[in-house]
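# No sequence on hand, only this structure:
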């Protein structure tokens, strides 16, 4: 049975959120390689890669403050899951659109994870860290909004390229 003290719950939540961020980072970096026909989409992803790296640093600091480290097993599993997801989309004719949809949904998954982590941090007596996690939730919301603003223009570009017989995906 898993430990039920708040410190263990908090450490587990930190490791889980870090693994989630590492998975997202892997997916974004893979997607960037095939977005030369979608410069606005690529720019949003590049900005969010930087944000994600900053968030991972915050999570690392919070783990270190507890004397904990990331779970290598969780990171390996989520990295493989991210690679599989990207590979599955790459096999599809409309991979750019599928990655866009998945990225939009993923942002809100991260918003939920950070909001939950902030509550757990508060309960664990880590108010300073809770504030950083609320900031991360706001950053993820802004990331989702940036992706939402791209759905129609990316879809139009995809259609224009595809209907003109040009390569629309990587």
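Cool, the structure landed. Since this is a predicted model, take the numbers as computed values, not measurements. Residues are numbered from 1 along each chain as shown.
# CA only for contacts and neighbour counts going forward, please
Will do.
# For the biggest helix by length in the chain, the averaged confidence score.
What stands out as the longest helix in the chain, according to DSSP state H, is helix 95-123. Average pLDDT, helix 95-123: 96.
# now do stretch 142-157
So the average pLDDT for stretch 142-157 ends up being 97.
# Just the endpoints, please. Distance across that stretch?
23 Å (Cα to Cα, to the nearest Å).
# Neighbours of residue 106, how many?
Residue 106 has 17 neighbouring residues, counting by other Cα atoms under 10 Å.
# next one: the one 10 residues further on
Using other Cα under 10 Å, the number of residues around residue 116 comes to 17.
# Model confidence for the most centrally placed residue in the chain, exactly?
Centroid-nearest residue in the chain: residue 24, 3.4 Å away (criterion: Cα atoms, centre = their mean). Here the pLDDT value assigned to residue 24 is 94.
# for residue 137, same thing?
pLDDT, residue 137: 98.
# The closest residue to it other than its chain neighbours and residue 134: what is the separation?
Spatially, and ignoring its direct neighbours in sequence, residue 137 is nearest to residue 111 (4.6 Å; Cα to Cα, 6 or more residues apart in numbering). As judged by Cα to Cα, residue 111 and residue 134 stand 9 Å apart.
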